[in-house]
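Asker: here is my input, please return the structure:
(chains A and B)
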2 protein chains.
Amino acid sequence: MTEAPKFLRPVTAHAADIGKAVTFGPDKPLKLDCGRTLSPFTIAYMTYGALNEAKSNAVLVCHALTGDQFVASDHPITGKPGWWSTMVGPGKPIDTDRFFVICANVIGGCMGSTGPAEIDPGTGKPFGLSFPLVTIRDMVRSQAMLLDALGIDHLLAVIGGSMGGMQALQWAASYPERVRAVIPIACAAYHSAQNIAFHEVGRQAIMADPDWRGGEYQLSGTTPAKGLAVARMAAHITYLSETALQRKFGRNLQNRDALSFQFAPDFQIESYLHHQGASFVDRFDANSYLYITRAMDYFDLAEENGGQLANAFKVSNTRFCIISFTSDWLFPTADNKEVAHALNAVAANVSFVEIKTDKGHDAFLLEEPEMFAIVRGFLNAVAAAQVI
Amino acid sequence: MTEAPKFLRPVTAHAADIGKAVTFGPDKPLKLDCGRTLSPFTIAYMTYGALNEAKSNAVLVCHALTGDQFVASDHPITGKPGWWSTMVGPGKPIDTDRFFVICANVIGGCMGSTGPAEIDPGTGKPFGLSFPLVTIRDMVRSQAMLLDALGIDHLLAVIGGSMGGMQALQWAASYPERVRAVIPIACAAYHSAQNIAFHEVGRQAIMADPDWRGGEYQLSGTTPAKGLAVARMAAHITYLSETALQRKFGRNLQNRDALSFQFAPDFQIESYLHHQGASFVDRFDANSYLYITRAMDYFDLAEENGGQLANAFKVSNTRFCIISFTSDWLFPTADNKEVAHALNAVAANVSFVEIKTDKGHDAFLLEEPEMFAIVRGFLNAVAAAQVI
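Answerer: The predicted model follows:
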């Protein structure tokens, strides 16, 4: 077949753009928590730096809800710098002159890893809602298979913020023998009721859009852009802090001297949100948004360990460095601290740092010198301590 | 005309249901802040208790965004008890055995006062988006006209929570000579960037619904139910606190023992939100929601007083009792306190109380014995001090 299928989504990761990829054939199915099996499946990923001979310098970076594998290189759709290019690169806190950095698009995502927008080889049509629900543990399981394919037994570290932090925790729980250190930032051991609530609002906004078409929008050449934009706008508010919003936007008007007494955006904060919504729609698949938010909702590391969070880590020799931010109300310090307490309960090697900032949850993606210094110092210490 | 117009909205307040109403004719136009004039217009209201001979026992209750005049009597659509029936009634903190309580549906509302869903006499069709934007000051201005019509010169007190509190503050600023005491609860002197942001998400959800039809849904017999439900769900989260959500719902599943691995509601919090969205759609007009949220966004008592909040109250002999709640993140204590500070700056008679509760913004509508005691005590003191 030389022609592209007609029902490819408008927001698509072209094969040439997604970086590297490994496709796992029928001999290597992905067994999912839902009981179903995904096979074949592809994991798209990027690497930065070089793997050393001892294969002991690999660092896995896990991305958040709307992130992707382009952690330190330009995004193929937006052209913007990698989402953590302040953190990862030559001479950066995660120094690619020293470490081999791997970042994979999560299963269920929309940047080349198998997800609801990809073609189901069984039907020749996009999966849509026939794609199985995936969990954070499934994401991590597929990452472990990617490491197997790359011939990497051990990770020096797993690091991530938000959903990336959930994956880092899951790595320590699922594969304690494969990871020397984890750095979960701005996350929690389970998704709270309020966070589930915000996600459900986003999903309802998408599913309320008639262009969503029961998830089969690719077949009709539509895309639920309005619903997805509303979902993104609502979520975006939760990534910031009231203080930062007030400082940055306050009640400033957008390109006008007086209130318009109309419903068009009067306030800068409104224009900013509209921009966030519109630009998101250009780079993200709506069904992927449904699946990945659901994966976060389902995350509960205590529940999958008999109700005791400490049980998740009881066989762990992994070192932990947990980082939270004072103004993060999506994953407040208390939630991060709960993980530290569970680790303390099993006498794990854990350090916990709360960073003072008014930038909210988004702080983990922003210029936070204290976070950079901590990550750099912790990684150096872990690398120095390791027996190669 | 005996037949009802075909384009009346599905969610309608029938003439028989709205309680009392005053229609102001062409001789009494409502001059709006936007520069336009509304005439004729109707204010629907309810009263409880009896006006004394001196006309000195009137208490005006102002409702919040989605409230109405049915403060202490059953709602004509839902059949539920009045929204503040714990606060207002015989022997209650606002004791209708002593006080004459008035509560009016705000201009722009949808329970009988003139709003976007009502028929524009100029065209014979519903106003829709041709209805002028109204402000909190416009709402208060129309309430003052209602009092004129009822022959009431002075109010013993104006009380309200959230947008009702904004109106109470506006009363003190606009008509200091007509109000002896105001009790603004869980509010602020201006709407913050974060609050504008949440409102804009709600408006975008409504306007994204194709059944909204540019605001002319009544003409086509549709209603943007899905968009309005999403707006309500998002807003509802902001009315609660994370602590209360976690305590009440946590990660409890709804009528199931295990995760479904589907997108239907698994968690109780999701079912709860769905219910909130669905029941709201049955009683509220979508365009009214746009107008009233916009009125709140526009509220800035400092800005309309030369940028100095204290100027709003400098000629005031009114007594103030400001109440906030510790877990209210929509109108945090700091915002309420800012009003108290401005009042202190003009040596006003002000008391400020922060009530400890985990019920969030919604606390003002709930069983909060401390709030009841404060309101009862303050009103009694004001009534006792007044020279009749």
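
Asker: low-scoring stretches of the stretch 251-388 of chain A, by residue?
Answerer: With pLDDT under 70 as the threshold, the stretch 251-388 of chain A has low-confidence stretches at A:387-388.

Asker: now the strands: where do they sit in it?
Answerer: Secondary structure of the stretch 251-388 of chain A, counting by DSSP state E, counting those that start in this stretch: strands at A:319-325, A:349-355.

Asker: name the strands paired with the first one and say parallel or antiparallel.
Answerer: Meaning strand A:319-325. Counting by DSSP bridges, the strands paired with strand A:319-325 are strand A:181-185 (parallel), strand A:349-355 (parallel).

Asker: any chance of a markdown table for the ones you listed, columns distance to B:A234?
Answerer: For every residue, glycine as well, the C-beta is placed using N, CA and C. Listed next are these as a markdown table, based on distance: least, Cβ to Cβ, whole Å:
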| stretch | distance to B:A234 |
| --- | --- |
| strand A:181-185 | 26 |
| strand A:349-355 | 29 |
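
Asker: most packed of those strands?
Answerer: strand A:181-185 (a mean of 28; mean count of other Cβ atoms under 10 Å in any protein chain shown).

Asker: same question for that strand, mean pLDDT?
Answerer: Taken as a whole, strand A:181-185 carries a mean pLDDT of 98.

Asker: and the next element down the chain from it?
Answerer: Beyond strand A:181-185 in the direction of the C-terminus, DSSP states H and E gives the next helix or strand as helix A:193-208.

Asker: ok, whichever residue of the stretch 251-388 of chain A sits closest to chain B - how many residues close by?
Answerer: Of all residues in the stretch 251-388 of chain A, A:F261 sits closest to chain B, with a separation of 3.9 Å (Cβ to the nearest Cβ). Counted with other Cβ atoms under 10 Å in any protein chain shown, the neighbours of A:F261 add up to 17.

Asker: so it makes contact with B:L133?
Answerer: Yes - here A:F261 lies in contact with B:L133, judged by Cβ atoms under 8 Å, at a distance of 4.2 Å.

Asker: okay, and the common contacts of these two?
Answerer: Common contacts of A:F261 and B:L133 (Cβ atoms under 8 Å, 6 or more residues apart in numbering or on different chains): B:C34.

Asker: helices of the stretch 51-200 of chain A, residue ranges please.
Answerer: With DSSP state H, counting those that start in this stretch as the criterion, the stretch 51-200 of chain A has helices at A:136-150, A:163-174, A:193-208.

Asker: phi and psi next, for the closest residue to A:S260 other than its chain neighbours.
Answerer: Once its chain neighbours are removed from consideration, A:S260 has its nearest residue in A:D266; the separation is 5.3 Å (Cβ to Cβ, 6 or more residues apart in numbering or on different chains). Per-residue torsions, A:D266: phi -90, psi -40 (degrees, to the nearest 10).

Asker: and A:D266, how far from A:A244?
Answerer: Relative to A:A244, A:D266 is positioned 20 Å away (Cβ to Cβ, to the nearest Å).

Asker: swap in A:L365?
Answerer: As defined by Cβ to Cβ, A:L365 lies at a distance of 13 Å from A:A244.

Asker: next: A:S324.
Answerer: Distance of A:S324 to A:A244, given as Cβ to Cβ: 16 Å.

Asker: do the same with A:G214
Answerer: For A:G214, the distance to A:A244 (Cβ to Cβ) stands at 38 Å.

Asker: before we move on, what about A:N255?
Answerer: 22 Å.

Asker: have a look at the two and say which one is more surrounded.
Answerer: When neighbours are counted by other Cβ under 10 Å, A:N255 and A:A244 differ, and A:A244 comes out ahead with 19 against 8.

Asker: once you drop chain neighbours, what's closest to the residue nearest the centre of chain A?
Answerer: What sits nearest the mean C-alpha location of chain A, by Cα atoms, centre = their mean, is A:A64, with 1.7 Å. With Cβ to Cβ, 6+ apart as the measure, A:S162 is the residue that lies nearest to A:A64, at 4.0 Å, once sequence neighbours are left out.

Asker: for stretch A:222-240, C-alpha coordinates in PDB please.
Answerer: Output of stretch A:222-240 as PDB, limited to C-alpha atoms (Å, rounded to 0.1, in the frame of the first residue of the first chain):
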ATOM      1  CA  THR A 222     -13.100  15.400  11.900                       C
ATOM      2  CA  THR A 223     -11.400  16.100  15.200                       C
ATOM      3  CA  PRO A 224     -13.100  17.200  18.400                       C
ATOM      4  CA  ALA A 225     -11.000  20.400  18.500                       C
ATOM      5  CA  LYS A 226     -13.400  22.500  20.600                       C
ATOM      6  CA  GLY A 227     -13.800  19.800  23.200                       C
ATOM      7  CA  LEU A 228     -10.100  19.100  23.400                       C
ATOM      8  CA  ALA A 229      -9.400  22.800  23.800                       C
ATOM      9  CA  VAL A 230     -11.800  23.100  26.600                       C
ATOM     10  CA  ALA A 231     -10.300  20.100  28.300                       C
ATOM     11  CA  ARG A 232      -6.800  21.600  27.900                       C
ATOM     12  CA  MET A 233      -7.900  25.000  29.300                       C
ATOM     13  CA  ALA A 234      -9.400  23.500  32.400                       C
ATOM     14  CA  ALA A 235      -6.400  21.300  33.000                       C
ATOM     15  CA  HIS A 236      -4.000  24.200  32.300                       C
ATOM     16  CA  ILE A 237      -5.500  26.200  35.200                       C
ATOM     17  CA  THR A 238      -4.600  23.300  37.600                       C
ATOM     18  CA  TYR A 239      -1.000  23.400  36.400                       C
ATOM     19  CA  LEU A 240      -0.500  26.900  37.600                       C
END
